[in-house]
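1. the sequence and its predicted three-dimensional model are supplied below.
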Amino acid sequence: MSTTTAGHLIVGQLERAGVKRVYTVPGESFLDVLDGLHGSPITNVVARQEGGAGFMALAEGRLTELPGVAMVTRGPGAANAFIAVHTAHQDATPLILFVGLIPVADRGRESFQEFDINAWFGSTAKKVVTLDDAASAARVVDDAIFTALSGRPGPVVIGLPEDVLVHVVEDATVEPRTVSRPAPAATDLAILKQKLDKARKPLMVVGGEGWTQESGGQLAAWASRHNVPVMADFRAYDAVPHRSDAYAGFLGYGRSDANAQRLDDADLLVFVGCVRGDVLSDGYKRGLDAETVVVNADANLLGHFGRVDQHIVADVTAFATALPSDAGSDREDGWFATARADHLAFSTPRPDGGIGVDLGVAMEVLKKEMDDDAVLTFGAGNHALWPARYLKHNSANSLAAPRNGAMGMGIPAAVAASLAFPGRQVISVAGDGCFMMNGQEIATAMGYGAQFIVLVVDNGIFATIREHQEAHYPDRPSGTHMTNPDFAALARSYGGYGERVERTEDFAGAFRRAAESGLPALLHLPQDPSTRSPKTSN
C-alpha cells in the first residue's frame, strides 16, 4: 500500500464523499491539509473572515445534500467560526468545522492560541473529536459526515493537531457510510389516517432539512386533495411550493395574525420535519392544545414543546411519498379556502410610504423579476420581514437564512449559493447592520466568480432593537444608531457593480442593470428610519 500524510488523507476522504468545496481562512495549524487541497478537485474557497467561511459552509449544508465544510485555525479562528456552529446547531443544519490545533506536546501549557475545543463546542455541536490518531483520519471524516446528516442534522467539530497532520499513514480512504432515511411504519400511517379522518380543522406545519422538489410538491398536492392547509416554520419557507393552493404562509417572526389564530384554532397539528419550538409558537404560547403529531427523524425531538400524541420517526421525503391516499376531507366550512385567501392577501405587497425606496414596491418588482428557481439569502433584522412576507419560493433549496437570528449570514450565503448553483439567480436582502458584519465577502465572490444581487436596506439604525426600545423605553434610544459608508461605492471598490437608488420609481431599472452586469452587484436603498415592518392590516 502507498502512504500519505494524515492531512492529505483527510482531503482524500472528503473527495471520496463527494465534497466539492471547502471554505477556509488559512492558518499555520493545518498547513498539511491546505497542501492536500493543492491540486485537489475540491475547490478551496478562501474567505476573508472565519465567520464568513462558516456561514458559507452553513449555506452549502442548507442548500445541498452534503454538509458544508469549513476549515479555520485555532484560538481566534475558532472563536470567529463559532457563530456558524451555533447557527447550525439551532437550525439543525449539517456542518463540519475543521479546526487546526497546537501540537500535542504543547497542550496544557497555555501555548500560543491554545483553547479547549471540547469546552468551547461541546454543548453546541453534535460531536467534537480531536484527531490524535493519524491513522484514523479517513474514518473520523466519514463519521463526521454521517453524524452531521443523521437524525437531527447538525454541526460536527474536528480538531486537527498540527503535528499529527504530518504523520505518515496508509493511503486508504474508507467507503462512505449511507445515511438512513427512515420511512414511516404502516401502523403509524394507519393511526395518522384515523386522526386525519376525524379532524375538522387539521393543520400541517413543514420545516427542517431534506426537502426536495418532488417531496415538497407531493406533500402539497396531498394536502390540497385532503383540504389540509400547510404552513411553513420560521425561515423554512422553501419546503413546499407557494403556488400550491394548500400553502397558507408561515409562522414565527413576521407571521400574520390570521396564521397565529389558525394555529390556536386547529384541532389536529401535524409537524413534518420541524417541532413546536419557541419562535413558531410565539414564545410557547400558541398551538398548545390541539392533538399533535410530529413527523421527525430525531428520536429525541430536541426543541419540541408541549404535547405529542404521536411521533412518527421518518424522513420528510419518505413521509411525503407514503401519505395515505384516503385520509378524510370533511373539514369545517372555509377552513381550507380561507387559509389560502388570508395568505394571498397578506403576501400582496402594498406601498409603505416614507423616505427613500418603498420596500413594498421593491418587493413587487422582485416578484416579477425573480426566476422561479431563484435562491434568496438574508441574515437577521427588520429588513428580512419584507422578503419573508412577499417573495415566493416554488423551488426546493431556494432559501438560506439563519433560523437562530444570526446577523451577517446573507452575503456569505449568497457566495456559497452562487458557487453551488452556477447560473442560478441569487438575490440577497441585507440590512445595513447585517451587511457590515460580513460584507467583505464580496471580495471572495469576486475571486471565485460568484454572481448575485444584494439589496442593502439602509436606515442607519439597528431597527429591531430600536423597535423594542420604543416599546419598553420610549423616547430613550440608546446604542442603536449606525454611521454607514457609501455601500454602492464599497461594492465598486471590490470590482463589483454598485448603484445608489434614491427613488422608488428608479428601483426596477436599477435592478435590471445589476442583473445584466454579470458581477456581484449591490443596490444601496436609503430608508426612512421610522419604517419598521410592512404596512397592512393583516
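-> Perfect, I can see it now.
2. what strand or helix carries Pro387?
-> Here Pro387 is covered by helix 385-390, with elements defined by DSSP states H and E.
3. show me how far that helix is from its chain's centre.
-> 16 Å (CA atoms, centre = their mean, to the nearest Å).
4. CA-only coordinates of that helix, as PDB, when you get a sec.
-> What follows is helix 385-390, C-alpha atoms only, in PDB (Å, rounded to 0.1, in the frame of the first residue of the first chain):
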ATOM      1  CA  LEU A 385     -39.600  40.900   7.100                       C
ATOM      2  CA  TRP A 386     -40.200  42.100   3.500                       C
ATOM      3  CA  PRO A 387     -38.700  39.200   1.500                       C
ATOM      4  CA  ALA A 388     -40.100  36.600   4.000                       C
ATOM      5  CA  ARG A 389     -43.600  38.000   3.600                       C
ATOM      6  CA  TYR A 390     -43.700  38.900  -0.100                       C
END
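5. give me the contact list for it.
-> Contacts to helix 385-390, defined as CB atoms under 8 Å, 6 or more residues apart in numbering, come from residues 235, 237, 250, 253-254, 346-349, 359-360, 362-364, 366-367, 376, 378, 429, 457, 533-534. (C-beta placed from N, C-alpha, C; glycine too.)
6. restricted to strands, list those.
-> 250, 376, 378, 429, 457 (DSSP state E).
7. quick one: the strands in the stretch 301-450 of the chain, in order.
-> 310-312, 375-378, 399-400, 426-431 (DSSP state E, counting those that start in this stretch).
8. same thing with the stretch 101-250 of the chain?
-> Under DSSP E, counting those that start in this stretch, the stretch 101-250 of the chain gives strands at 127-130, 155-161, 168-170, 202-206, 230-232, 247-250.
9. same list (these) but as JSON lines, adding mean pLDDT and distance to Ala401.
-> Formatted as JSON lines, these follow (pLDDT from 0 to 100; distance: least, CB to CB, whole Å):
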{"stretch": "strand 127-130", "mean pLDDT": "98", "distance to Ala401": "25"}
{"stretch": "strand 155-161", "mean pLDDT": "98", "distance to Ala401": "17"}
{"stretch": "strand 168-170", "mean pLDDT": "95", "distance to Ala401": "40"}
{"stretch": "strand 202-206", "mean pLDDT": "98", "distance to Ala401": "16"}
{"stretch": "strand 230-232", "mean pLDDT": "98", "distance to Ala401": "12"}
{"stretch": "strand 247-250", "mean pLDDT": "98", "distance to Ala401": "12"}
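10. right, and these - which one's nearest Gly27?
-> Evaluated with CB to CB, the strands of the stretch 101-250 of the chain place strand 155-161 nearest to Gly27, the distance being 10.0 Å.
11. with only the CA atoms kept, save the closest one in CSV.
-> The C-alpha trace of strand 155-161 is given here as CSV (Å, rounded to 0.1, in the frame of the first residue of the first chain):
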residue,chain,number,x,y,z
PRO,A,155,-22.6,20.5,13.3
VAL,A,156,-19.6,18.3,14.0
VAL,A,157,-16.2,19.8,15.0
ILE,A,158,-12.9,18.1,14.3
GLY,A,159,-9.7,19.3,16.0
LEU,A,160,-6.5,18.8,14.0
PRO,A,161,-3.2,18.9,16.0
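12. what is the neighbour count of Ser478?
-> 9 (other CB atoms under 10 Å).
13. what packs against the helix or strand where Thr292 lies?
-> In this structure, Thr292 is located in strand 291-295 according to DSSP H and E. Packing contacts for strand 291-295, counted by 3 or more CB pairs under 8 Å, 6 or more residues apart in numbering; DSSP states H and E, involve helix 186-198, strand 268-272, strand 310-312.
14. from Ala134, how far out is the nearest residue to Gly7 once chain neighbours are set aside?
-> Closest residue to Gly7 apart from its sequence neighbours, by CB to CB, 6 or more residues apart in numbering: Asp32 at 2.9 Å. Using CB to CB, to the nearest Å, Asp32 is found at 10 Å from Ala134.
15. quick check: neighbours shared by the two?
-> 5-6, 165.
16. of these, buried ones?
-> 5-6, 165 (16 or more other CB atoms under 10 Å).
17. list just the nearest of those residues to Thr73.
-> The nearest member of those to Thr73, counting by CB to CB, is Leu165 at 12.4 Å.
18. His38: how many residues sit nearby?
-> 9.
19. could you report the distance from it to Leu288?
-> 56 Å.
20. over to Arg48?
-> Counting by CB to CB, the gap from Arg48 to Leu288 is 45 Å.
21. quick revisit: between Asp32 and Ala134, point out the one with more neighbours.
-> Neighbours per residue (other CB under 10 Å) separate Asp32 from Ala134, with Asp32 holding more: 23 against 19.
22. helix, strand or coil: sort out the more buried one for me.
-> Classification of Asp32 by DSSP: H, G, I helix; E, B strand; the rest coil places it in helix.
23. give the contact list for it.
-> So Asp32 contacts 5-8, 162, 165-166 (CB under 8 Å, 6+ apart).
24. which stretches of the stretch 401-538 of the chain form helices?
-> Remark: helices assigned in the stretch 401-538 of the chain by DSSP state H, counting those that start in this stretch are 410-420, 432-438, 442-448, 463-472, 487-493, 507-516.
25. buried deepest among the ones you listed, which one?
-> Compared across the helices of the stretch 401-538 of the chain, helix 410-420 shows the largest average neighbour count, a mean of 30 (mean count of other CB atoms under 10 Å).
26. relative to strand 426-431, how tilted is it?
-> 180 degrees (axes from the mean of the first three to the mean of the last three CA atoms, to 10 degrees).
27. quick one: mean pLDDT for helix 410-420?
-> For helix 410-420, the mean pLDDT works out to 98.
28. so what pLDDT did Thr531 get?
-> In the predicted model, Thr531 carries a pLDDT score of 72.
29. hmm, I typed the wrong one, I wanted Asp106.
-> In this model, Asp106 carries a pLDDT of 86.
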